[in-house]
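Chemist: Have a look; sequence and predicted model below, questions after that.
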Amino acid sequence: MTLPPNTLLRRIEDCLSSSLDGEVVLMSPSNGSYITLNETGGAIWTLLAKQHTVQTLLDALCNRFEARPETIREEVLGFLNRAQEEGFIAIGAQASAP
Amino acid sequence: MTVSSYSTLGLHLASSIALPELAPLAPEKQNQDADIRIEQGSIPETLPEASFRNPIHQTIGATQHLMSFPNIARMLISNGTHIVIDPLTGGDETDVLQDWRSILLGSGLTSLCFQRGWLAMHASAVLLPGRTTATLLLGHATAGKSTLAAALTQRGAHLISDDLSPLEQTREGFVVKPVGRGIKLHPTSFEGLSLSQDGALPVRKTEKTKLLYFPERSHPTACLLGDCLILEEARSTRPSGEDRYVGATAFAHLSNNVHRRRAASAMGLRGQIFAQTVALAEQVPVTALRLPKQFPALIAIADRLIAEARDP
């Protein structure tokens, strides 16, 4: 999966989520399936409470985690792909340049 | 028309269809108004204003739920208080009535519980001797929930519910509602626990399971839930033992044991069920018990649970 850095990301509004003992559980509004997020997934989900682009999301995560940027990018894109398929996030149009 | 009164879910149920599976209402409560009514009547094939529709379920929000069981019956559950059942075939009257009752007391009561805002769990619930709070027994369809409940009841526990265990979320915690029905057991469980099948009622014409009653060991009132035990089969990779499940793991296991989730989804209750299951995982200890799928192991667990029973 490749996404331009300025691609807009947002949570699906009616998606159900809850934090349990530090883990985030999401339930799909469309089919009732649920997923449990690991630490990185939980951090992404928390960040996506506000609108981000792929680049601002990666910047925030690189500041937070001590992993190589390529590793973080790979994990983030994998998460975004799955979260979009399950109906938890929307990957939208590209943001216009500031 | 004869109307009989029964006690289920801690409520007064008045039914024009005889339901020998349920406990009769105590004589001193016979004069009170019924909380739930069940009757036989005509039901339309479709709910014109349905907000959800598939071949089995049609719903208007959580207030009206029409279920269709091909060649058996249609059933309309309304407002958590009223069930109408409409037979679809002839056939042997005894068999058909038996299947109706199975539908009424299974899918019908479960839907009614959801309409009342309760979390319907696929579980058995018992009150162990020396305890003031209930224990919920969970696990997949053949994990041994009912068999363990029966073994515990043989050893002094009281049965609150089997198969359907409705939970009401209150300020004090989750409360298990007594269903007032016996335990559904397969013939091998009767044999494995040395229980007599005398007086046991067949569940459905196509099933070998029977309902066994422990009249002196039924708990007739609602009971605060103390803990959840999830029965799992021991394997070479995961040998016998127990684990405490917390957080998302506890949620996932509890969520898998919500009764008739498709019906709840059809009623638009995914959000409510999700929030209640999260609260249950946060408030009630969840322990996995792994044991071999053999009667001696299950009986040993029953003996241990009775010996160690105390409030958490």
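Modeler: On my side now, so go ahead.

Chemist: going forward, measure contacts and count neighbours with C-alpha atoms only.
Modeler: Will do.

Chemist: I'd like the distance from the spatially most central residue of chain A to B:Gln154, if you could.
Modeler: Among the residues of chain A, the one closest to the centroid is A:Ile44, at 4.4 Å (Cα atoms, centre = their mean). Separation of A:Ile44 from B:Gln154 (Cα to Cα, to the nearest Å): 52 Å.

Chemist: mean confidence score for stretch B:193-200?
Modeler: Averaged across stretch B:193-200, the pLDDT comes to 90.

Chemist: Please apply the same query to stretch B:173-187.
Modeler: Per-residue scores along stretch B:173-187 average to 94.

Chemist: State which strand of chain B is the longest.
Modeler: Longest strand of chain B, by residue count under DSSP state E: strand B:223-233.

Chemist: what's downstream of that strand, the next helix or strand?
Modeler: strand B:241-245 (DSSP states H and E).

Chemist: Show me what from chain A comes close to chain B.
Modeler: A:16, A:18, A:20-25, A:27, A:29, A:32, A:36 (Cα under 8 Å from any Cα of the partner chain).

Chemist: Looking at the residues you listed, which has the smallest pLDDT value?
Modeler: Comparing the residues of chain A next to chain B by pLDDT, A:Pro29 comes last, at 70.

Chemist: wait, what's in contact with that one?
Modeler: Going by Cα atoms under 8 Å, 6 or more residues apart in numbering or on different chains, A:Pro29 touches A:14-16, A:87-88, B:270.

Chemist: counting contacts, what elements does the helix or strand containing B:Ala288 pack onto?
Modeler: Per DSSP H and E: B:Ala288 is located in strand B:286-291. In terms of contacts (3 or more Cα pairs under 8 Å, 6 or more residues apart in numbering or on different chains; DSSP states H and E), strand B:286-291 is packed against strand B:223-233, strand B:241-245.

Chemist: What strands line up against that strand, and which way round?
Modeler: Sheet pairing for strand B:286-291, assigned by DSSP bridges, gives strand B:223-233 (parallel), strand B:241-245 (antiparallel).

Chemist: Tell me the spacing between the residue of the stretch 201-312 of chain B found nearest chain A and B:Glu282.
Modeler: Nearest residue of the stretch 201-312 of chain B to chain A: B:Gly247, at 4.6 Å (Cα to the nearest Cα). For B:Gly247, the distance to B:Glu282 equals 7 Å [Cα to Cα].

Chemist: Common neighbours of the two, please.
Modeler: By Cα under 8 Å, 6+ apart, B:Gly247 and B:Glu282 have these common neighbours: A:Leu20.

Chemist: picking that back up, contact partners of the strand holding B:Ala288?
Modeler: Here strand B:286-291 makes contact (Cα under 8 Å, 6+ apart) with B:227-234, B:238-246, B:250, B:297-298.

Chemist: Try it again at 6 Å.
Modeler: B:228-234, B:240-245 (Cα atoms under 6 Å, 6 or more residues apart in numbering or on different chains).

Chemist: Which among those count as buried?
Modeler: Buried residues within these, counting neighbours by 16 or more other Cα atoms under 10 Å in any protein chain shown: B:228-234, B:242, B:245.

Chemist: Would you mind listing where chain A has pLDDT under the threshold?
Modeler: Within chain A, the ranges that satisfy pLDDT under 70 run A:1, A:93-98.

Chemist: which helix is the longest one in it?
Modeler: Longest helix in chain A by number of residues (criterion: DSSP state H): helix A:69-86.

Chemist: Which of the contacts of A:Pro29 fall within helices?
Modeler: Filtering the contacts of A:Pro29 for helices - DSSP H - leaves B:Arg270.

Chemist: which among the contacts of A:Pro29 gets closest to B:Ile43?
Modeler: Proximity of the contacts of A:Pro29 to B:Ile43 (Cα to Cα) peaks at B:Arg270, which lies at 26.5 Å.

Chemist: Please list all residues in contact with that closest one.
Modeler: Listed by Cα under 6 Å, 6+ apart, B:Arg270 has no contact partners.

Chemist: Okay, it and A:Gly32: tell me how far apart.
Modeler: Distance of B:Arg270 to A:Gly32, given as Cα to Cα: 7 Å.

Chemist: that older thread, quick one: secondary structure of the residue nearest to the centre of chain A?
Modeler: helix (DSSP: H, G, I helix; E, B strand; the rest coil).

Chemist: could you point out where the stretch 101-250 of chain B is predicted with low confidence?
Modeler: Those would be none, if you go by pLDDT under 70 across the stretch 101-250 of chain B.
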